[in-house]
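>>> Everything below, folded, please.
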Amino acid sequence: MKRSRNELMTLEEATRIEAQVTAGSLDLTLPGTQALVDEAHRVHVSAYMWGTTRGESGRKRLHTGIAVGIGMVVVTVGGFCVPFLEGR
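Below you'll find the model as predicted:
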């Protein structure tokens, strides 16, 4: 069962689906049910391994990485410029 990018499964939904499968309340013989259970398992494993799911944004981590990178460049350039300025 394919879902569009706007309909990504959240970790909460995946956890509920896995709990229902474990409890035996889902009929896996119905068409599409097994695909939904497989997707829920993928979302749960992905969240366990990487700490986030596809449905959640990693913007904060991206922005932090960019800020740290810019800071490193500024410190490096500053470190190269200080000896030249002291020599004047």
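
>>> How many neighbouring residues does residue 45 have?
The tally of other residues near residue 45 (other C-beta atoms under 10 Å) stands at 11. Bear in mind the C-beta positions are built from the backbone N, C-alpha and C, glycine included.

>>> same question, residue 23
Residue 23: 8 neighbours (other C-beta under 10 Å).

>>> Near residue 73, how many other residues are there?
Neighbour number of residue 73 under other C-beta under 10 Å is 10.

>>> element containing it?
helix 59-86 (DSSP states H and E).

>>> distance of residue 39 from residue 46?
10 Å (C-beta to C-beta, to the nearest Å).

>>> can you give me how far the helix holding residue 73 is from the chain middle?
Here helix 59-86 is found 26 Å from its chain centre; the criterion is C-alpha atoms, centre = their mean, to the nearest Å.

>>> Now do that helix: which elements does it pack against?
Here helix 59-86 touches no other helix or strand, going by 3 or more C-beta pairs under 8 Å, 6 or more residues apart in numbering; DSSP states H and E.

>>> What mean pLDDT does it get?
If you average the pLDDT over helix 59-86, you get 90.

>>> residues of that helix that come out buried?
Within helix 59-86, no residue is scored as buried using 16 or more other C-beta atoms under 10 Å.

>>> What residue spans form the domains of the protein?
As assigned by automatic domain parsing, the chain contains the domains 1-56, 58-88.

>>> now residue 85: how far from residue 12?
56 Å.

>>> same check, this time on residue 34
Distance, residue 34 to residue 12, by C-beta to C-beta: 21 Å.

>>> quick one: which of these two has more around it?
Neighbour count, other C-beta under 10 Å: between residue 34 and residue 12, residue 34 has more, with 14 against 11.

>>> tell me the SS of residue 38?
helix (DSSP: H, G, I helix; E, B strand; the rest coil).

>>> Could you report the distance from it to residue 23?
For residue 38, the distance to residue 23 - C-beta to C-beta - is 18 Å.
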